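Enquirer: Task: produce atomic coordinates for the following.
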Amino acid sequence: MNLKIVGPALPNIPWQPKPSGNPDLVWRYDANPVIGRRPLPRVTGIYNSAVVPWEGGFIGVFRTEGMNRIPHLHVGRSPDGLRFAFDPKPIDLKCDDPEVRRFEYAYDPRVTPIDGVHYVTWCNGYHGPTIGIATTTDFIRFEQLENAFLPYNRNGVLFPRRISGKFLMLSRPSDTGHTPFGDIFTSESPDLVHWGRHRHVIGRGGPWWQGTKIGAGPSPIETSEGWLLFYHGVTTTCNGYVYSIGGMLLDAERPWEVIACASEPFLVPEAPYELTGFVPGVCFPVGCLCDSATGRIALYYGAADTFTALCFCNAGDVVQFIRDNPLNK
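Expert: Numbers count the residues shown, from 1 in each chain. The predicted structure follows:
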C-alpha cells in the first residue's frame, strides 16, 4: 500500500526487522521485556506507559507501582528507546486548585504533542477514575488542568492535532466496578477544560477477543487512509480477562466514524512475560513511535501488568490488513 503518514521522520526509531519466516503482522522485540520487574527501588512494575521522541532521544511518562500497588507517574529517559533511566520521584503536578491537585492514584498515561506542547492524559483518581490532563514543555514542570470528565472514565487519548479548531479526545466511560461498560467515544473541547459533543465511535462485542470491553491505545497516527488507532480488546475466560491488541481506521475529519476495524487482533498474550506477572494474559498498548519516512512503527505495551514490552510493524501493512479483514465483512 502506498500509504502516506502525516508527521515527522524518525530515523532513530527503535527497530528490529521481522524474523525470517515469521507470518505475523506484528512481531516482538527479541530482548523483551524492555523494562523489567524492579527498575526502581521498592517499585514492582513499570508498564502501560507512553514514550515520545525528545531532543535526539526519547522520553516518556511511565506508570509505576510500588509495594502497596498504588500507581504513580514517573518520567523516564532513553537514548535509544530501549534503555531507560527513571526519575526516582513521581511527577509533582502543579496546580493552584487543591481540589484538582489532590492525589488518589494515577495510571496508564498517554503523551501527545500538539503545537509544540506535550499533553499528558491519564486515569486520575477523583472519587473514582476520571481523565486527568497536564501540559509540559520540558518534562520537568507539569501543569495540571481540570479533570476532563466526571467519574467514571478511563483510556483518555488525545488526537495529535486539533480538528475543526477543537481538541478531540477518545475515552471509555465506565463505572465503579471493572468496567462492564466497554465502548469508545470522542469528545471535543475548545480549551481542554470544557468538553462536549460526545460521539459514539465503536462498541465492544463482535469477535470473542473483544467481547468484554475495548479501549483506545496510543494517540492515533494520521495517514492518507484516515487515523490509524491501535486499541485493546478484552475477552473473559475461565481464568479471567485476556487483553489483546487490535486496530481500526477512523475518518480524518470526523474520527467518530469508523472506516474499518480489523476482525482479529494483531497481538495476543503468548510470551512468558505476557503470561506471568501481576495480571497474567495482558497486552495493553499505550505508547507508539512512527517514522513517517519508512512507515516503521514501534509499539510499547504493558505485559501482564508488570513489564514494559515492545513490538514492531509497518503502517502500510497494518492499514492494508484492516482494509482487507474488516469486521462484518
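Enquirer: Please list all residues in contact with H118.
Expert: 52, 111-112, 135-137, 139 (CB atoms under 8 Å, 6 or more residues apart in numbering). No exception for glycine: its C-beta is placed from N, CA and C like everyone else's.
Enquirer: Secondary structure element for it, which one?
Expert: strand 117-125 (DSSP states H and E).
Enquirer: Show me which parts of that strand are buried, residue by residue.
Expert: 118-125 (16 or more other CB atoms under 10 Å).
Enquirer: Which ones among the contacts of H118 map onto strands?
Expert: Residues of the contacts of H118 located in strands (DSSP state E): 52, 111-112, 135-136.
Enquirer: In a markdown table, list those along with pLDDT.
Expert: Listed next are the ones in strands among the contacts of H118 as a markdown table, based on pLDDT from 0 to 100:
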| residue | pLDDT |
| --- | --- |
| V52 | 98 |
| V111 | 98 |
| T112 | 98 |
| T135 | 98 |
| T136 | 98 |
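Enquirer: Restricted to buried residues, select those in PyMOL.
Expert: In PyMOL, a selection of the buried entries from these looks like this (16+ other CB under 10 Å):
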select buried, resi 52+111+112+136
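Enquirer: and the ones in strands among the contacts of H118, which two are the farthest apart?
Expert: V52 and T135 (13.7 Å; CB to CB).
Enquirer: which regions of the stretch 51-200 of the chain lie under the pLDDT threshold?
Expert: Where the stretch 51-200 of the chain drops to pLDDT under 70, the residues are 178-180.
Enquirer: got the CA positions of stretch 105-116 in CSV?
Expert: Included here for stretch 105-116 are C-alpha records, laid out as CSV according to Å, rounded to 0.1, in the frame of the first residue of the first chain:
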residue,chain,number,x,y,z
TYR,A,105,-3.8,7.4,42.1
ALA,A,106,-2.6,7.9,38.5
TYR,A,107,-2.1,5.3,35.9
ASP,A,108,-2.0,4.4,32.2
PRO,A,109,-0.6,7.8,30.9
ARG,A,110,-0.5,8.9,27.3
VAL,A,111,1.7,11.7,25.9
THR,A,112,0.6,13.6,22.9
PRO,A,113,2.5,16.5,21.3
ILE,A,114,0.2,19.3,19.9
ASP,A,115,1.6,22.6,18.5
GLY,A,116,4.8,22.4,20.5
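Enquirer: which residues touch it?
Expert: By CB under 8 Å, 6+ apart, stretch 105-116 touches 48-52, 60-63, 70-73, 118-125, 132, 137, 154-162, 167, 218-219, 284, 286-287.
Enquirer: 6 Å - rerun?
Expert: For stretch 105-116, contacts defined as CB atoms under 6 Å, 6 or more residues apart in numbering pick out 48, 50, 52, 61, 63, 70-71, 73, 118-125, 157-158, 160, 219.
Enquirer: Same check on stretch 11-30?
Expert: 81-82, 266-267, 289, 291, 296, 298, 310-313, 321.
Enquirer: Kindly supply the ChimeraX command isolating those of those that are buried.
Expert: Typed into ChimeraX, the line below selects the buried ones among these, using 16+ other CB under 10 Å:
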select :81,266,267,289,291,296,298,310,311,312,313,321
